[in-house]
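S.K.: I need the structure of the sequence given here:
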Amino acid sequence: PKNMPSGAAPKRPSKWIEDDRYKDEAPHDNSYKHSGFSRGHMCMKHIAWRLGANADWNTHTTINASPQIQKFNAGIWLDMEYKTQDWADEYDRIWVICGGAYKDKKPSLWIGDEGEEKVAVPDFFWKIVIRIDGEELKTMAFLYPHKPINKSPQTKKYFHSRYLTSINDIEELTGLDFLTEFDDEQEQIVESLIATELWD
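M.R.: Here you go, the predicted structure:
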């Protein structure tokens, strides 16, 4: 949603929260300590604040983070997060689904010192953005290689349209299934489409 709560957002917790519901199945905060990777938010704190203080606070949990190269995290990934914020303002409401993925569905790199819960480092990060336009569902799906990505020398902006793909491709890469409330034929049509340009 585009309307933010009034007042300032709460400060981040001093340490990333480890969700007790998942015990040793979830990363420890210290798993990142000597890794050289950033704790990359899947749901950005600044965006979650639009849903209230509780949502804002709970972005700072280790289950909302994935190991990211800092130049990726603070570069094209952050830029796309701000774009989703702009689209929410423009279209009143959007849905965002995102995560990491691995070549052949198998992680090849892990972080975490001895005694810490190991955390897999994704080879790719993806994001699906959805909005409703009248009776029509419109989607964009992005698949980024997990590496530093430079801005275009000509425009000085990130070239996000280069990474447009189909929801089907993300499903194939991750093993996940999206838009399951649609009937099979409608789901297949929507998920096979590849946007040709960004909404802006």
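S.K.: Can you get me a residue count around Glu172?
M.R.: Residues near Glu172, counting by other Cβ atoms under 10 Å, number 12. Any C-beta I mention is one placed from the backbone N, CA and C, and that applies to glycine too.
S.K.: element containing the nearest residue to Ile47 once chain neighbours are set aside, please.
M.R.: Of all residues not flanking Ile47 in the chain, Gln85 sits nearest, at 5.6 Å (Cβ to Cβ, 6 or more residues apart in numbering). According to DSSP states H and E, Gln85 maps onto helix 76-91.
S.K.: got the CA coordinates for that helix in CSV?
M.R.: C-alpha atoms of helix 76-91 as CSV (Å, rounded to 0.1, in the frame of the first residue of the first chain):
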residue,chain,number,x,y,z
ILE,A,76,20.5,-3.0,-8.3
TRP,A,77,18.6,-4.9,-5.5
LEU,A,78,18.1,-1.6,-3.5
ASP,A,79,17.2,0.2,-6.7
MET,A,80,14.5,-2.3,-7.5
GLU,A,81,13.1,-2.0,-3.9
TYR,A,82,12.7,1.7,-4.5
LYS,A,83,11.0,1.0,-7.8
THR,A,84,8.4,-1.2,-6.1
GLN,A,85,7.8,1.6,-3.6
ASP,A,86,7.2,4.0,-6.5
TRP,A,87,4.8,1.5,-8.2
ALA,A,88,2.8,1.2,-5.0
ASP,A,89,2.4,5.0,-5.0
GLU,A,90,1.5,5.0,-8.6
TYR,A,91,-1.0,2.1,-8.7
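S.K.: I would like the residues contacting that helix, please.
M.R.: Helix 76-91 is contacted by residues 1-2, 40-41, 44, 46-47, 50, 68, 94, 96, 125, 127, 129, 131, 133, 142, 144, 149, 158, 160, 198-200 when judged by Cβ atoms under 8 Å, 6 or more residues apart in numbering.
S.K.: pLDDT below threshold where in this structure?
M.R.: The chain contains residues with pLDDT under 70 at 1-8, 10, 23-24.
S.K.: Helices of that one, residue ranges please.
M.R.: Along the chain, the stretches classed as helices by DSSP state H are 45-48, 53-57, 70-73, 76-91, 167-174, 184-192.
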